[in-house]
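> starting from these lines, generate the structure:
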Amino acid sequence: MIIIGITGGSGAGKTTVAKTIAERLGKGNVVYVSQDWYYKDQAHLSAEEREKLNLDHPNAFDNELLISDLAKLRSGQNIEAPIYDFGDQARSKKTTPIVSKPVVILEGILILAIPKLVSMIDIKIFVDAEPDIRLIRRIERDIRERNSTYESTIARYLTTVKPMHDAFIEPSKIKADIIVPRGGQNDIATDMLGDLVEHYSHHHA
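Model (predicted):
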């Protein structure tokens, strides 16, 4: 069992890179886990307090649960992954059953900013993209998928997303084994990653 970590700023193209690797290895061999599922449950907070939450800080995540779930997957056990509802800023009562497979792709903005997680990841990939491209993608995504407004998306970007990127995500790049420039648009890099992961997984199976 190998764990591949894919990180980078919000809107960098992490999901595109993750999908490319998963397709190369065959869906039957790969399980996908998102750090976003592991936000702490904030159901006890008022709507106003939830709106002010900093979702871009390492402490926003239930890191202990994620670490224990990854350890279970590594030992061949299945897990019940949490579901986080961004509309309500709370954890759902439902869970997602995840079956252990030979390769885990762990995707998230802060996986290399949490030392215990770093030590569990076999191949650490940082997907890089220009800040303006990431911002545009972030605006599009938040309005489309997280019923946010343009104004609140920009406010959140300036107050938490950008400062936290500069404080935690960018410095975590040094922990990466591989840095992919131009995000998911970089076909040569994603092809090379596919080859590398295939090679690695055969030798560590």
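
> show me the helices in this protein, by range?
Secondary structure of the chain, counting by DSSP state H: helices at 14-25, 47-51, 63-74, 115-118, 131-145, 150-156, 162-164, 170-172, 187-203.

> measure residue 98 to residue 203 for me?
Plainly put, residue 98 is 25 Å away from residue 203 if you go by CB to CB, to the nearest Å. C-betas here are computed from N, CA, C, even on glycine.

> one step back: quick one: which of the helices of the chain is nearest residue 40?
Comparison of the helices of the chain against residue 40 by CB to CB identifies helix 63-74 as nearest, at 9.1 Å.

> what sits up against that closest one?
Helix 63-74 is touched from outside by 1, 3, 31, 33, 35, 38, 78-79, 81-82, 98, 100, 104, 106, 114, 116-117, 120, with contacts defined as CB atoms under 8 Å, 6 or more residues apart in numbering.

> change it to 7 Å
For helix 63-74, contacts defined as CB atoms under 7 Å, 6 or more residues apart in numbering pick out 1, 3, 31, 35, 38, 79, 81, 100, 104, 106, 114, 116-117, 120.

> and the contacts of the lengthiest strand in the chain?
Determined from DSSP state E, the single longest strand within the chain is strand 90-98. For strand 90-98, contacts defined as CB under 7 Å, 6+ apart pick out 31, 33, 41-43, 78-85.

> and what of stretch 127-135?
By CB under 7 Å, 6+ apart, the residues outside stretch 127-135 that reach it are 6, 8-14, 17, 157, 179-184.

> quick one: low-confidence ranges for the chain?
Under the criterion pLDDT under 70, the flagged ranges of the chain are 204-205.

> leaving aside the residues next to it on the chain, what's closest to the residue nearest the centre of the chain?
The residue lying closest to the centre of the chain (CA atoms, centre = their mean) is residue 108, at 1.5 Å. The spatially closest residue to residue 108, leaving aside those adjacent along the chain, is residue 35, at 2.4 Å (CB to CB, 6 or more residues apart in numbering).

> from what I can see residue 4 touches residue 105, true?
Yes - using CB atoms under 7 Å, residue 4 is in contact with residue 105, at 5.1 Å.

> now for residue 96, how many residues are close by?
Using other CB atoms under 10 Å, residue 96 has 12 neighbouring residues.

> that one and residue 181, how far apart?
With distances taken as CB to CB, residue 96 is found 32 Å from residue 181.
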